[in-house]
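[1] okay, sequence plus prediction incoming.
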Amino acid sequence: MSTSQIASPGSRKVHDSFVPELVYFEPAALDYPKGQHIMEWVKDKGIPYRMTSSHNRITNLPGDTEQQKYKIAKRTLVVGLRKTLKFDTSKPSAEYAIPIATGCMGHCHYCYLQTTLGSKPYIRVYVNTDDIMNAAKAYIDERVPEITRFEAACTSDPVGLEPITGSLRELIEFMAEQEYGRLRFVTKFHYVDSLLDAHHNGHTRIRFSLNNKYVIQQFEPATSRFEQRIEAAAKVARAGYPLGFIIAPIIWHEGWEDGYAELFEALHQALPRDVSSGLTFELIQHRFTKTAKGVIEKRYPRTKLEMDIEKRKYKWGRWGQGKYVYPSEQAEALRMFISERIFDHFPDSTIDYFT
Ligand code: SF4
């Protein structure tokens, strides 16, 4: 068992905050207080570290097989500078992706980063947060008086890395001062304590990616557990942040109705009574591409994730290859059941979309 995981009663693993097994530093990262701080932490923890000329060229990762290399990469942290300060767009939920990290220590079987990050699954964090915030400011100024929204979780799960970097707190406090700027991110981790007393001014929406217990246990290793995420969401609500949930991937499995009913009941029990108004839900059914199916079967050969294309409906993609989703009747049953549970418990909330 790794040092970052402790056993819970019933031998389920509970993910405690992430401690990498190997860390790389770009030399220039040590010119920044954040880089120095991370270096001190690495030395203090006795984690092996190496220097690298570029965070984009980590080629000598240990491991004999592909699978081993992948596992080790997911526990390797690279500390560098974000040089590209041109932000990607992130429609429809935000105007731009704000880059504070790339990669994630989670092992969600279905994660799209497996295909999008290709041969670089290691975790990169950027220490030049001031440059990133200055670039965000320029994007905001360009669009005044329109509000500009930034999504911080397009290529990573930044809450998972917050205990190491503190970057989200900086972004939250920066955005609090931006009349025309808003921040949002989504997470499967519960490390929100350091964000609770941040000055947010209601300008940051924190969303939790949630699922029923079966899906979390089967398909989301090395992320925070059901109860941890729900407790963290309640803390975030009490801290006055705008709050939302992404229910994804919605999976059809034996007992799914009971599982999703339990999820919304537990949320209802945990959240403050006055939270319903302003609460948002995004519903995403499980989907996969042929490429992703191949990668997942290689990386998680024993996965119980059902990816039988015979049982799915093909949905053409606007760009590139299409995806396999549930047949319309099944998708509609999932959508109806979950929407009803949401409005039963949170009548003033909004469902942004089901896809
Ligand atoms: S937590 Fe999110 S980013 Fe990390 S592996 Fe899971 S799905 Fe991917």
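    Perfect, I can see it now. Residues are numbered from 1 along each chain as shown.
[2] mind pulling the model confidence for residue 14?
    For residue 14, the pLDDT comes out at 42.
[3] cool, residue 228 as well?
    In this model, residue 228 is scored at 97, pLDDT.
[4] that one and residue 86, how far apart?
    Separation of residue 228 from residue 86 (CB to CB, to the nearest Å): 36 Å. Every C-beta, even on glycine, is put in place using the N, C-alpha and C of the backbone.
[5] ditto for residue 211
    Distance, residue 211 to residue 86, by CB to CB: 34 Å.
[6] do residue 20 as well
    Relative to residue 86, residue 20 is positioned 28 Å away (CB to CB).
[7] how about the helices in the stretch 151-300 of the chain?
    Taking DSSP state H, counting those that start in this stretch as the criterion, the stretch 151-300 of the chain contains helices spanning 158-165, 167-176, 213-219, 226-238, 256-270, 290-299.
[8] between those helices, which one is closest to the ligand.
    Between the ligand and the helices of the stretch 151-300 of the chain, the shortest gap by CB to the nearest ligand atom is with helix 158-165, which sits at 6.7 Å.
[9] avg pLDDT for the closest one?
    The model assigns helix 158-165 a mean pLDDT of 97.
[10] check stretch 21-30 too.
    Average pLDDT, stretch 21-30: 97.
[11] distance from it to the middle of the chain?
    Relative to the chain's own centre, stretch 21-30 is displaced by 23 Å; criterion: CA atoms, centre = their mean, to the nearest Å.
[12] list the buried residues of that stretch.
    21, 22, 23, 24, 25, 26, 29, 30 (16 or more other CB atoms under 10 Å).
[13] before we move on, what about stretch 180-198?
    Using 16+ other CB under 10 Å as the test for burial, stretch 180-198 gives 181-192, 195, 198.
[14] re earlier: and residue 211 and residue 86? Which one has more around it.
    Comparing residue 211 with residue 86 by other CB atoms under 10 Å, the one with more neighbours is residue 211, at 26 against 8.
[15] list the contacts of the more buried one.
    Contacts for residue 211 (CB atoms under 8 Å, 6 or more residues apart in numbering) come out as 220, 226, 247, 248, 249, 250, 251, 263.
[16] just the buried ones from the residues you listed, in PyMOL syntax?
    Written as a PyMOL command, the selection of buried residues from the contacts of residue 211, which uses 16+ other CB under 10 Å, is:
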select buried, resi 220+226+247+248+249+250+251+263
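[17] which one of the contacts of residue 211 is nearest the ligand?
    Compare each of the contacts of residue 211 with the ligand using CB to the nearest ligand atom and the shortest gap goes to residue 220, at 6.1 Å.
[18] correct me if wrong: the closest one contacts residue 210.
    No: in this structure, residue 220 is not within contact of residue 210 by CB atoms under 8 Å, at 10.3 Å.
[19] residue 261 contacts residue 341, doesn't it?
    Yes: if you go by CB under 8 Å, residue 261 and residue 341 touch, sitting 5.9 Å apart.
[20] between these two, which one's more packed in?
    Neighbour totals were compared for residue 261 and residue 341, and residue 341 leads with 20 against 17 (other CB under 10 Å).
[21] so where's this structure shaky on pLDDT?
    Counting by pLDDT under 70, the chain shows low-confidence ranges at 1-16.
[22] which residues of it lie near the ligand?
    104, 106, 108, 111, 113, 157, 188, 223 (CB under 6 Å from any ligand atom).
[23] for the fourth one, grab the count of nearby residues.
    Neighbour count for residue 111, taken as other CB under 10 Å: 23.
[24] and the nearest residue to it once chain neighbours are set aside, what does it touch?
    Nearest residue to residue 111, sequence neighbours excluded (CB to CB, 6 or more residues apart in numbering): residue 104, at 7.2 Å. For residue 104, the contacting residues are 74, 111, 113, 123, 156, 157, 160, by CB under 8 Å, 6+ apart.
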